[in-house]
Structure formats: C-alpha cells, structure tokens
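Peer 1: Everything below, folded, please.
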Amino acid sequence: MHATPKPAALAVVLNGQDALLVRRRNEPDAGLWGFPGGRIESGETVFDCAIRELAEETGIHATARSYLTTIDVIRRENDEVTFHYVLTAVLCDYLSGTPQAADDAMEAAWIKLADIAEARISLSEHAASVARLALASRQASIDS
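Peer 2: Okay, the predicted model is just below:
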C-alpha cells in the first residue's frame, strides 16, 4: 500500500484557560482526544479549512488568527506507509457556540489547556506539543 501525503488543517481554539478538543470516532485515532480538523479541499485555504472543519465537527464558530506549526503524521505497517497526513495547526479565536460532537467526533469539549499540554488525558500524537505552542503564543501576546 502506498499512501500519498494528504494536507489537512487543525483548529486550535482557545477560550480562557481552555482549548476545544474532540474525541475521534474513526481510526487512526479512534477514542483519542485531539484538535478538530480535517482534509483541505481543492481550492480551500488552510485557514478556511480549519474554520470549516471546526464548525462541522463541533458547531463552534471562530476566526483563524495565525499558523502554529506543521506536523507530519506518518504511520507504517510492515515497512509500508499506510497513511501520511501533513497537518497545519491554526490558532483560532473563539466567537460563539457550544461544543457538540458531530461528523467524525464522539465528543467535543472545552478542556484545560494545561491538562492538554501535560498530556493528562489520552491524546492523539502531537496534541500536547501543539497545546504547548498555543500556550507559548498566548503568553507572547500577553507580554507584548
């Protein structure tokens, strides 16, 4: 099996001391908490994808503020690449809505950003490091 890299966006939405996470319904991360997101559609910007996926998965509305990081998520089985996602994490400002799981999410909830950064819950790969970047970005904006 050969997996072509697929571009995707993650919406990192902060609200006070919390960040919005979803618990994934489908593999590869079924049952794990992670930032809402999904594949970028043809002609769609990364920011637009993050905001669209956020609304589809959680009912939350936000605005995209800045790029946080880009992550390669590659899984292999018997030396074959089974999937490869290139995830761009987008820092977003919360506007409105109450988290409700939809689409491929089992749950959607506001979770303490510090708990995510310290991996105190079962997380998708890289979620804790993305949360630490969001914390650092928030601190930098406070300090300036």
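Peer 1: all contacts plus neighbour counts: C-alpha atoms, from now on.
Peer 2: Noted.
Peer 1: Assumed I71 was part of a helix.
Peer 2: No - secondary structure assignment (DSSP: H, G, I helix; E, B strand; the rest coil) places I71 in strand, not in a helix.
Peer 1: Where in this structure is the helix or strand with the lowest mean pLDDT?
Peer 2: helix 127-143 (a mean of 88; mean pLDDT, DSSP states H and E).
Peer 1: Spatially nearest residue to S96 (excluding sequence neighbours)?
Peer 2: Leaving aside its sequence neighbours, S96 sits nearest to H61 (C-alpha to C-alpha, 6 or more residues apart in numbering; 5.2 Å).
Peer 1: does that neighbour really touch D48, like I thought?
Peer 2: No - at 11.8 Å, H61 does not count as touching D48 under the criterion of C-alpha atoms under 8 Å.
Peer 1: Those two: who's more crowded?
Peer 2: A side-by-side neighbour count of H61 and D48, using other C-alpha atoms under 10 Å, places H61 first with 19 against 16.
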